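Asks: Quick one: sequence plus predicted model below, questions after.
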Amino acid sequence: MEVILLERINKLGQMGETVKVRDGYARNFLLPQGKALRANAANKTRFETERATLEARNLERKSEAQKVAEALEGKSFIVVRSAGETGQLYGSVAARDVVEILAAEGFNIGRNQVELNTPIKTIGLHKVELQLHAEVEIHVELNVARSAEEAERQAKGESLTSADAIYGVDEDALRPEDFFDPEADGVDEDEA
């Protein structure tokens, strides 16, 4: 199906272009969302008469997105989650979690604006892309840690996936004698 784009769409085209897309993509996404019109003579004339209004609205949305992008530029957000000693999260951090974290800080971002293909499943510093507008994208940093204290240490560049980092214990210095009594013969005295 051929459609006229009413706004810029990544990997498809610019506003005003007539492009050929799959029927389902047009019927299920582009047309209901108001991002395109069917390419016919009536809609082409309609687009030309409304072009100035559409361009002004697009420019306004872009400027709003740039203001939000400037406010988010260089920001890092701390996410506290339960995790095992290896740094594997017991849950994950998904796009909806990113939206909630940003909302708690006063940023109104939609879930569809978060470009997170796979959920975050390990502690550490993670870059997340936000697509605020078709022409405005920004990266924010999520500091996923077990506690706020660990997040601070992690932000300084420390790795928190070893026992030394978690508990302050040097794994290499540990010996079996520290845990077991070498004098014990394996039989409990109460049982004998």
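Replies: On my side now, so go ahead. Numbers count the residues shown, from 1 in each chain.

Asks: for this structure, what spans make up the helices?
Replies: 23-25, 41-72, 95-104, 148-155, 163-167 (DSSP state H).

Asks: Tell me the buried residues in the third one?
Replies: By that I understand helix 95-104. Neighbour-count burial for helix 95-104 flags 95, 97-99, 101-102 (criterion: 16 or more other Cβ atoms under 10 Å). For the C-beta atoms, the positions are set from N, CA and C on the backbone; glycine is no exception.

Asks: List just the nearest of these to residue 69.
Replies: Among those, residue 102 lies closest to residue 69 (Cβ to Cβ), at 12.4 Å.

Asks: For the closest one, give me its contacts.
Replies: Contact analysis of residue 102 by Cβ atoms under 8 Å, 6 or more residues apart in numbering lists 72, 77, 108-109, 140.

Asks: change it to 7 Å
Replies: Going by Cβ atoms under 7 Å, 6 or more residues apart in numbering, residue 102 touches residue 109.

Asks: now swap in residue 93 and tell me
Replies: Going by Cβ under 7 Å, 6+ apart, residue 93 touches 79, 81, 119-120, 142, 144.

Asks: And for residue 76?
Replies: 141, 143, 155 are the contacts of residue 76 under Cβ under 7 Å, 6+ apart.

Asks: again, but for residue 34
Replies: The contact partners of residue 34, by Cβ under 7 Å, 6+ apart, come to residue 6.

Asks: what about it, distance to residue 24?
Replies: As judged by Cβ to Cβ, to the nearest Å, residue 34 and residue 24 stand 17 Å apart.

Asks: ok so, going back, may I ask which of the contacts of residue 93 has the most neighbours?
Replies: Among the contacts of residue 93, residue 144 has the most neighbours (other Cβ atoms under 10 Å), with 25 neighbours.

Asks: from memory it sits against residue 119, does it?
Replies: No. Contact criterion Cβ atoms under 7 Å: residue 144 and residue 119 do not qualify, at 10.8 Å.

Asks: before we move on, back to that, with distance to residue 91 added, can I get the contacts of residue 93 in a markdown table?
Replies: Converted to a markdown table, those look like this (distance: Cβ to Cβ, whole Å):
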| residue | distance to residue 91 |
| --- | --- |
| 79 | 11 |
| 81 | 6 |
| 119 | 9 |
| 120 | 10 |
| 142 | 14 |
| 144 | 11 |
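
Asks: Go through these and flag which are in strands.
Replies: Among these, DSSP state E puts 79, 120, 142, 144 in strands.

Asks: got any ranges where the chain has weak pLDDT?
Replies: 159-192 (pLDDT under 70).
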